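can you look at this prediction? I've put the sequence above it.
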Amino acid sequence: MDRRFSNATSSLASAALKLCIKLARYWRTVLADQGYRPELHYMRGPGPKWRESHVRLRKTR
């Protein structure tokens with residue numbers, strides 16, 4: 001009984017490991033295809049339109 005349980009556990013762990021490896025490979029290819037786009041991650045602060053609208057709000061108070 002113990003040997004059958006051990007074999008089943010071993011095969012289940014092996015299948016889970018294979019699945020994790022396949023998912024990791026897939027994820028790496030998806031990320032590699034996208035490339036790095038710094039403009040999506042870099043925040044420069046408020047622009048001229050924001051300043052224009054907020055200056056008007058300050059003057060009206």
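That came through fine.

what's the spacing between the residue sitting nearest the centre point of the chain and A24?
Nearest residue to the geometric centre of the chain (CA atoms, centre = their mean): L31, 8.9 Å. To A24, L31 is 11 Å away according to CB to CB, to the nearest Å. Any C-beta I mention is one placed from the backbone N, CA and C, and that applies to glycine too.

now name the helix or strand holding the residue nearest to the centre of the chain.
Here L31, judged by DSSP states H and E, is contained in helix 2-34.

check I21 and give its pLDDT.
If you check I21, the pLDDT there is 96.

what stretches of this protein score poorly on pLDDT?
Residue ranges of the chain with pLDDT under 70: 1-3, 5, 57-61.

coming back round to it: now do the helix holding L31: distance to the chain's middle.
20 Å (CA atoms, centre = their mean, to the nearest Å).

can you check stretch 22-39 too?
For stretch 22-39 - counting by CA atoms, centre = their mean - the centre lies 9 Å from the chain centre.

and what of stretch 36-44?
Distance, centroid of stretch 36-44 to centroid of chain: 15 Å (CA atoms, centre = their mean).

end to end on that stretch, go ahead and measure it.
Distance between the two ends of stretch 36-44: 18 Å, counting by CA to CA, to the nearest Å.
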